[in-house]
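K.L.:
Predicted model follows, preceded by the sequence.
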Amino acid sequence: MSKYKNITFYATQPHDCSYLPTQQATTLFMDPTIVLDQKLCTDLAAAGFRRSGVHIYRPNCAQCQACVPIRIPVNTFRIRRTQRKTWNRNASLQASKVPACFRDEHYRLYQQYISRCHHDGDMYPASVEQYITFLVDATEFTSFYEFREHGQLLAVSVVDHLQDSLSAIYTFYHPDFQQRSLGRYCVLWLIEETRRLGLPYLHLGYWIHGCRKMDYKLEYRPAQMRINHQWQQLE
């Protein structure tokens, strides 16, 4: 990171935390005028930063350290019995990689997902502007992975292709098929895709201690968490 020591970062004012309602959050943002090339994003992901649209950010809360970067070393990942069932349940899905751009079909699925699965969150209600700012305003190394069955779009994963990893930015899926565990399946598929590409890591963003919505990230073992500025193995 020493190469980027002159990059300017800005801290927000404390605001209500989106994940822990009793906490106040502060977020560190990189200067948005800096061009996001693949090398820079790779280094910042390794340092625990995430991308949302054109913004690179990291939690920077003085009194709380609940947000912990997590990644999967894909070559040592061991699939569990329940995960194997999820994998087999979705064996009929066809995955395809498409460029990161606005498509009505994607947005309609995103809108359904937010309305049905996250109606209690700060992303509700969905809007075209918010969707574009969050997911379509991407980098030249961002892709959308579509998951279809008999032509029907069931899930979309937005992914950054970094130099040493894939970074799962966001996944949304059809709320009528929750019994298929599509979100968990997409993570399993991305683990296999990362391995196929010969990359060592899949970044999953932040695991947040005390937030049940983030506990699914602990299901993929072994994982690595960035604690005290170092990646540490979690068996």
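P.N.:
Nice, thanks for sending it over.

K.L.:
Can you give the distance of stretch 136-150 from its chain's centre?
P.N.:
The gap between where stretch 136-150 is centred and where its chain is centred comes out at 13 Å by C-alpha atoms, centre = their mean, to the nearest Å.

K.L.:
in that stretch, what counts as buried?
P.N.:
With burial defined by 16 or more other C-beta atoms under 10 Å, the residues of stretch 136-150 counted as buried are Val136, Ala138, Thr139, Phe141, Thr142, Ser143, Phe144, Tyr145, Glu146, Phe147. Any C-beta I mention is one placed from the backbone N, CA and C, and that applies to glycine too.

K.L.:
Now do the same contact list for Pro92.
P.N.:
For the record, residue 92 is Ser, not Pro. Applying C-beta atoms under 8 Å, 6 or more residues apart in numbering, we find Ser92 in contact with Glu149.

K.L.:
which SSE is it in?
P.N.:
Element membership of Ser92, judged by DSSP states H and E, is empty: it is in no helix or strand.

K.L.:
picking that back up, put together TSV for the buried residues of stretch 136-150, with secondary structure and pLDDT on each row.
P.N.:
Formatted as TSV, the buried residues of stretch 136-150 follow (DSSP: H, G, I helix; E, B strand; the rest coil; pLDDT from 0 to 100):
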residue	secondary structure	pLDDT
Val136	helix	98
Ala138	coil	96
Thr139	coil	97
Phe141	coil	98
Thr142	strand	98
Ser143	strand	98
Phe144	strand	98
Tyr145	strand	98
Glu146	strand	98
Phe147	strand	98
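
K.L.:
by contact count, what packs against the worst-scoring helix or strand of the chain on mean pLDDT?
P.N.:
Each helix and strand of the chain was given a mean pLDDT (mean pLDDT, DSSP states H and E); the minimum falls on strand 15-16 at a mean of 91. The criterion is 3 or more C-beta pairs under 8 Å, 6 or more residues apart in numbering; DSSP states H and E, and the helices and strands that strand 15-16 contacts are strand 24-25.

K.L.:
ok, now how distant is the residue nearest the centre of the chain from Asp16?
P.N.:
Here the mean C-alpha position of the chain is nearest to the C-alpha of Ile169 (C-alpha atoms, centre = their mean), at a distance of 3.1 Å. For Ile169, the distance to Asp16 equals 23 Å [C-beta to C-beta, to the nearest Å].

K.L.:
just Asn88 next, same as before
P.N.:
Computed with C-beta to C-beta, the distance linking Asn88 and Asp16 is 41 Å.

K.L.:
Any stretches of the protein with poor pLDDT?
P.N.:
Counting by pLDDT under 70, the chain shows low-confidence ranges at 1-4.

K.L.:
what residues go with each domain of it?
P.N.:
Residue ranges for the domains of the chain, per automatic domain parsing: 2-68, 70-234.

K.L.:
still on that earlier bit, just flag the most distant two among the buried residues of stretch 136-150.
P.N.:
Checking these against each other with C-beta to C-beta, the farthest-apart pair comes out as Thr139 and Phe147, at 21.8 Å.

K.L.:
The nearest residue to Leu166 once chain neighbours are set aside in helix, strand or coil?
P.N.:
Leaving aside its sequence neighbours, Leu166 sits nearest to Thr194 (C-beta to C-beta, 6 or more residues apart in numbering; 4.8 Å). Three-state secondary structure (criterion: DSSP: H, G, I helix; E, B strand; the rest coil) places Thr194 in helix.

K.L.:
Also Leu135?
P.N.:
Assigned with three-state DSSP, Leu135 falls in the helix class.

K.L.:
That one: what's it in contact with?
P.N.:
With contacts taken as C-beta under 8 Å, 6+ apart, Leu135 has the following neighbours: Gly53, Ala100, Tyr110, Val158, Ile169, Tyr170.
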